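Q: structure for this input, please:
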Amino acid sequence: MDVFEAINKRRSTRRYKSENVSEEQVKKLLEAAIMAPSGGNMQPWDFIIVRDKDQKKALARAALGQMFIATAPVVIVVCANKPRTARRYGDRGAELYSLQDTAAATENILLAATAMGLAGCWVGAFDDDAVSSVFGLPTYVRPVAILPIGVPGEFPRAPPRMPLSDVTHYDKW
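A: Next up is the predicted model:
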């Protein structure tokens, strides 16, 4: 599958088959993640791989009760290790670049999952403190995305997109 096909096929999937996601598949997803660009190549990402049922349930509760998270065979929590980028870029690195960089890594995971016949959902609605508590995150690490990953049990339609003409500007606003 080429990148354009993966981009067009990727969907936010909230139902998964009970089939396992292998360690090798997870490794491939993480390898795709770390190939994302990062400001100054500071690579501020850290990943928590969650397979434990109780941990997934606690994570789903921390994600404002989005219990579908707990039904995925594996969940990847993408975190921003803010000091890695702050070393070079100060507050802007900690508060902006680390988030941009981890967002790029997150999208790489989702596109790689699609290319591998898997599916996921980018969950950003969660209580940061509750997620941090579930995993005992240090105060300088911020959870950025929760990615339940599995073999798709549904194939949602593509949501409508705004026309390019409504969102494209040339040379000025």
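Q: now residue 86. Nearest residue, chain neighbours left out?
A: Taking CB to CB, 6 or more residues apart in numbering as the measure, residue 86 lies nearest to residue 94, with 3.9 Å between them; neighbours along the chain are not counted. For glycine as for every other residue, the C-beta is placed from the backbone atoms N, C-alpha and C.
Q: just give the number of residues close to that neighbour.
A: Applying other CB atoms under 10 Å, we find 21 residues neighbouring residue 94.
Q: could you do residue 151 as well?
A: Other residues near residue 151 come to 17 when the count uses other CB under 10 Å.
Q: need the contact list for it.
A: Residues in contact with residue 151 (CB atoms under 8 Å, 6 or more residues apart in numbering) are 16, 17, 19, 21, 73, 117, 118, 119.
Q: for the first one, which non-adjacent residue is spatially closest?
A: Leaving aside its chain neighbours, residue 16 sits nearest to residue 150 (3.1 Å; criterion: CB to CB, 6+ apart).
Q: separation between the one you found and residue 157?
A: Residue 150 is 19 Å from residue 157, where distance means CB to CB, to the nearest Å.
Q: can you give the distance of the host helix or strand of residue 103 from its chain's centre?
A: Assignment of secondary structure by DSSP states H and E places residue 103 within helix 98-115. Taking CA atoms, centre = their mean, to the nearest Å, the mean C-alpha location of helix 98-115 is offset from the chain mean by 6 Å.
Q: verify the stated contact: residue 48 with residue 132.
A: No. Assessed by CB atoms under 8 Å, residue 48 is found out of contact with residue 132, at 10.8 Å.
Q: the closest residue to residue 123 other than its chain neighbours in helix, strand or coil?
A: With CB to CB, 6+ apart as the measure, residue 146 is the residue that lies nearest to residue 123, at 4.0 Å, once sequence neighbours are left out. Assigned with DSSP: H, G, I helix; E, B strand; the rest coil, residue 146 falls in the strand class.
Q: number of nearby residues for residue 146?
A: Based on other CB under 10 Å, the number of other residues close to residue 146 is 28.
Q: cool, residue 3 as well?
A: Residue 3 has 10 neighbours, counted by other CB under 10 Å.
Q: tell me the confidence at the residue nearest to it when sequence neighbours are not counted?
A: Distances taken as CB to CB, 6+ apart place residue 111 nearest to residue 3, at 7.0 Å, with adjacent residues excluded. What the model reports for residue 111 is a pLDDT of 98.
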